[in-house]
Every structure is written in structure tokens, then in C-alpha cells.
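Novice: model this:
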Amino acid sequence: MKAFLSTRGMARHTATVKAKKAKALVPRSLTYTVTATIYEAVPSQTDNEPFITADNSHIKRHYGTKKRWMALSRDLLKPWGGKFDFGDKVRVRGISPELDGVYTIHDTMNRRHRHCMDILAHPSENLDIFTKGVKIQKVALQ
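Specialist: As a prediction, the model looks like this:
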């Protein structure tokens, strides 16, 4: 009986240690406050190849906000000294219940923008968003 109790206590201790280590391995990522807008894959809002993103991903013809792709301003991206990289998952909060969630960075914005994000939307969705004070935070992959 004593051996059973000590084994049971050891298992509980091991689980507690593993939980503490798991929390320690997840780095705290900073939260950034940005202005959120919508962009569509059309030449007037992108470049002459609207269906190819900055990271060379291809946007399918029937895309929309459900795809959860985004572009960030250059000041936030690593190639220009920021903390985010293409392919990073980013939690977005503060736009609307329908559009808040986790997005993947696939594109960049024009160099004139600072602390901004663009959500990829299809023209048929008729979205027009300009929201200040939106919070973004890199999601740690586990």
C-alpha cells in the first residue's frame, strides 16, 4: 500500500513539473496596437500581380476573409527590423466578433504605412474597415 501511495504522489509531482516547464518554454510575445483595414486582390490595391503575395503564396480565385490571410506594414516585419515574419500566426482582437481571430502573415503593405495591418477580403464581401486600436500578438506554436 505504501509503494502505491508513493508512486501515485510521484506521478502527481512529475505532472506538476512538466506543466511548469511547458509554461516556461512558451515565450511571452509582445502585443502591438495597430490600425486594421481591408484589402482585396485587385491591381488598384496591390501590384500588377494581385494573386501573388510578398511571401510568394498564391491567392485562389475564390478567396475571402475565411481564409484568414493578412498583410502587415513593413515596420512590423523582420526584413525591415520588426518582430513578425512571413508565415507567423497572429491573434487579432478589436475589429469585430466576425473578424477577430488568428491570421497568417503572407503579405506586406506599401512602405508609407506604419503600425498597420490589412485583412484579405473578396470584393463580393463588401467590407470597408478602418479600425484603430486593434491588438495583434504572435501566437506561439506548440
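Novice: residue contacts, residue 38?
Specialist: 118, 119, 120, 121, 127, 128, 129 (C-beta atoms under 8 Å, 6 or more residues apart in numbering). No exception for glycine: its C-beta is placed from N, CA and C like everyone else's.
Novice: now the helices for this structure?
Specialist: Ranges of helices in the chain, per DSSP state H, are 2-25.
Novice: which residues in it form strands?
Specialist: Counting by DSSP state E, one finds strands in the chain at the ranges 31-39, 69-72, 89-93, 101-108, 116-120, 130-138.
Novice: to residue 79, which of these lies closest?
Specialist: Nearest of the strands of the chain to residue 79, taken as C-beta to C-beta: strand 101-108 at 8.3 Å.
Novice: what angle sits between that closest one and strand 89-93?
Specialist: Counting by axes from the mean of the first three to the mean of the last three C-alpha atoms, to 10 degrees, strand 101-108 lies at 120 degrees to strand 89-93.
Novice: any chance of the contacts of residue 38 in JSON lines, with distance to residue 86 too?
Specialist: Shown next, in JSON lines, are those (distance: C-beta to C-beta, whole Å):
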{"residue": "118", "distance to residue 86": "14"}
{"residue": "119", "distance to residue 86": "16"}
{"residue": "120", "distance to residue 86": "14"}
{"residue": "121", "distance to residue 86": "19"}
{"residue": "127", "distance to residue 86": "23"}
{"residue": "128", "distance to residue 86": "26"}
{"residue": "129", "distance to residue 86": "22"}
